[in-house]
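J.: Just the structure for this:
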Amino acid sequence: MADGDLLREAVSELYSSDPAGFVERRGALAAQASAAGEASAAKSIAALRKPTRSAWVINRLTRSDPGVPARLIELGDELRAAQGSLDGAAIRELSARRRQLLAELSRQAFSGLPPPPAALRDEVTATLGAALADKQLAEQLAAGTLERAAHAEGFGPPGAPVLTVLPGGRRSEERSEGGMGRRVGPPARGVGPARRATAQERAEAAANARAEAAAREQAERDQRRRTALAEADQAVAAADEAAAAASTAELDLEAAVQRLEQELADARQGLTNARLQARRARNRQRQARQSRDRLRAAEEARRRPD
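T.: Model (predicted):
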């Protein structure tokens with residue numbers, strides 16, 4: 001089997017299986033590749049990174065349903081087109097479809113799994129939302145090898161307009177460029193009654209602005225929480241690897257102790273055998289001397305004159 005085949009099979013197994021056994025199984029697969037003489041594949045397998053639980057859930061989704069990335073890309077393209085044309089009605093419709101699609105894919109992702117914690121579900125939904133906003137990320141999901149959760153603030157490329165649809169079909173547009181903003185909203189005084197903003201419109205615009213600010217603050221809090229969770233996942237992954245290395249060292253030392261204990265037992269048995277042989281040799285020595293002494297005594301007695 002070629003290097004590439006070994007690596008592909010290892011990737012498929014590792015990123016589709018529960019990450020709890022990732023480190024141990026990765027070590028076994030790398031050892032198998034090394035034993036088969038495929039050093040390059042063994043090195044590549046050993047370098048594979050353990051996915052977080054949320055990343056594994058998404059890998060599981062895209063591997064079981066390869067059409068998911070295409071659905072995210074299609075709706076993302078439609079949303080970008082609507083933003084580009086400043087079509088408020090289309091944006092409202094597509095935003096509803098976006099919420100519906102993310103909820104549907106989130107349910108599908110956890111199908112067959114125990115009910116997830118809220119933080120895990122949020123990470124999965126946020127990553128799917130980021131893939132919907134980022135076509136490149138959506139294409140990467142198709143490989144089913146995601147390692148970490150992703151998050152996107154808002155929708156579309158940096159600097160894209162943040163739209164607020166006002167009553168009567170008018171739109172306000174704000175684009176951030178180097179900290180400066182440009183807003184096109186209700187016209188200034190003196191442009192004629194038909195174009196002059198009403199008090200109700202101004203109040204609704206202010207309410208929209210407050211809602212957007214609150215949403216941004218909530219998004220920032222969510223991002224900080226997701227970042228903390230991601231860092232915690234990384235710490236757990238590092239601890240898993242350290243524990244696996246420590247377990248390997250422990251097994252090696254246990255094997256060495258067992259070998260030394262066996263050698264000591266063999267040496268003690270050898271000493272026991274040697275002592276037994278020595279006792280037997282000394283007994284034979286004593287018996288030989290006694291026999292010799294009797295023979296000498298008899299010979300001397302024979303030679304003495306009567």
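J.: Does H151 belong to a helix, a strand or coil?
T.: Following DSSP: H, G, I helix; E, B strand; the rest coil, we place H151 in the coil state.
J.: Return the residues in contact with it.
T.: 126-127, 129-130, 223, 226 (CB atoms under 8 Å, 6 or more residues apart in numbering). Where C-beta positions appear, they are placed from N, C-alpha and C, glycine not excepted.
J.: Could you tell me the model confidence score at E139?
T.: According to the prediction, E139 has pLDDT 90.
J.: On the pLDDT front, check K135 for me.
T.: In this model, K135 carries a pLDDT of 89.
J.: Keep only those of the contacts of H151 that are in helices.
T.: Judged by DSSP state H, the contacts of H151 include 126-127, 129-130, 223, 226 as members of helices.
J.: So among those residues, which ones count as buried?
T.: With burial judged by 16 or more other CB atoms under 10 Å, the buried subset of the ones in helices among the contacts of H151 is 126-127, 129-130, 226.
J.: related to what we said a few turns ago, dump the contacts of H151 into CSV; add pLDDT as well.
T.: Below are the contacts of H151 laid out as CSV (pLDDT from 0 to 100):
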residue, pLDDT
A126, 93
T127, 94
G129, 92
A130, 92
Q223, 81
R226, 74
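J.: from the ones in helices among the contacts of H151, which is closest to A36?
T.: Lowest distance from A36 to these (CB to CB) belongs to T127, with 35.6 Å.
J.: Quick check: the closest one touching I58?
T.: Yes: counting by CB atoms under 8 Å, T127 touches I58, with 5.8 Å between them.
J.: now the helices for the stretch 51-200 of the chain?
T.: All helices of the stretch 51-200 of the chain, identified by DSSP state H, counting those that start in this stretch, fall at 53-64, 68-85, 88-109, 118-133, 135-141, 199-303.
J.: Least confident of those helices, on average?
T.: Across those, helix 199-303 gives the lowest mean pLDDT, at a mean of 79.
J.: Could you tell me the angle between that one and helix 53-64?
T.: Interaxial angle, helix 199-303 versus helix 53-64 (axes from the mean of the first three to the mean of the last three CA atoms, to 10 degrees): 100 degrees.
J.: now for helix 199-303, which elements pack on it?
T.: With contacts taken as 3 or more CB pairs under 8 Å, 6 or more residues apart in numbering; DSSP states H and E, helix 199-303 sits against helix 22-35, helix 118-133, strand 162-165.
J.: so what secondary structure elements neighbour the longest one?
T.: Helices and strands in packing contact with helix 118-133 are listed as helix 53-64, helix 68-85, helix 88-109, helix 135-141, helix 199-303; criterion 3+ CB pairs under 8 Å, 6+ apart.
J.: With distance to A39 as new columns, can those be given to me in JSON lines?
T.: Below are these laid out as JSON lines (distance: least, CB to CB, whole Å):
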{"stretch": "helix 53-64", "distance to A39": "27"}
{"stretch": "helix 68-85", "distance to A39": "34"}
{"stretch": "helix 88-109", "distance to A39": "37"}
{"stretch": "helix 135-141", "distance to A39": "28"}
{"stretch": "helix 199-303", "distance to A39": "20"}
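J.: G37: which of these is closest?
T.: helix 199-303 (22.1 Å).
J.: That closest one to helix 22-35, inter-axis angle?
T.: Going by the same axes, to 10 degrees, helix 199-303 makes 60 degrees with helix 22-35.
J.: got the angle between helix 199-303 and helix 118-133?
T.: Going by the same axes, to 10 degrees, helix 199-303 makes 120 degrees with helix 118-133.
J.: distance between helix 199-303 and the chain's centre?
T.: Computed by CA atoms, centre = their mean, to the nearest Å, the separation of helix 199-303 from the middle of its chain amounts to 27 Å.
J.: what's the answer for stretch 12-25, then?
T.: Distance, centroid of stretch 12-25 to centroid of chain: 9 Å (CA atoms, centre = their mean).
J.: And stretch 82-91, by the same measure?
T.: With CA atoms, centre = their mean as the basis, the mean position of stretch 82-91 lies at 37 Å from the chain mean.
J.: So which bits of that stretch are buried?
T.: Buried, per 16+ other CB under 10 Å, within stretch 82-91: 82-83, 87-88, 91.
J.: farthest pair in those?
T.: The largest separation in these, counting by CB to CB, is between Q83 and G88 at 10.3 Å.
J.: picking up where we left off before, of all the contacts of H151, which comes closest to D65?
T.: T127 (15.3 Å).
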